[in-house]
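Colleague: sequence first, predicted coordinates after that:
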Amino acid sequence: MADIVTGYAHLVGNYKFQTSNYVLYIYDHLLTLSDEVEKIWSQPFTLANLLFYINRYITHCQFIILQVEFHETTWSISM
């Protein structure tokens, strides 16, 4: 039983850590959005722009996937 309680405590701590990281990431994204619009969106599309967009916006998908995983209730105990 102690292992389950410890595992749950670690899961909750990890969830809070991931959530706080995502909030800071969104905050940073909003702070730099005006620079992005000015310097990236107004330029012709290049490989550098593509890499920037992948780096900037795929990270949102990764954070969202992590948040959804924390709410998944169909995992078995053996995991």
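Modeller: It's in. Small disclaimer: the values here were computed from a predicted structure and weren't measured.

Colleague: pull out the buried positions in stretch 10-25.
Modeller: Using 16 or more other C-beta atoms under 10 Å as the test for burial, stretch 10-25 gives Tyr22. The C-beta positions use only the backbone N, C-alpha and C, and glycine is treated the same way.

Colleague: what's next to it, contact-wise?
Modeller: Stretch 10-25 is contacted from outside by Thr59, His60, Phe63, Leu66, Gln67, Phe70, using C-beta atoms under 8 Å, 6 or more residues apart in numbering.

Colleague: looking at those, which two lie furthest apart in space?
Modeller: Across the contacts of stretch 10-25, the longest distance by C-beta to C-beta is 17.2 Å; it joins Thr59 and Phe70.

Colleague: circling back: which of the contacts of stretch 10-25 has the most neighbours?
Modeller: Phe63 (17 neighbours; other C-beta atoms under 10 Å).

Colleague: how about the nearest residue to it, chain neighbours excluded?
Modeller: Of all residues not flanking Phe63 in the chain, Tyr22 sits nearest, at 4.4 Å (C-beta to C-beta, 6 or more residues apart in numbering).

Colleague: pLDDT score assigned to the one you found?
Modeller: Reported pLDDT at Tyr22 in the predicted model: 90.

Colleague: what of Gly7?
Modeller: pLDDT recorded at Gly7 is 85.

Colleague: tell me which element it falls in.
Modeller: Counting by DSSP states H and E, the element that carries Gly7 is helix 2-36.

Colleague: which regions of the chain sit below the pLDDT cut-off?
Modeller: The chain contains residues with pLDDT under 70 at 73, 75-79.

Colleague: pick out the residue nearest the middle of it.
Modeller: Centroid-nearest residue in the chain: Phe63, 2.1 Å away (criterion: C-alpha atoms, centre = their mean).
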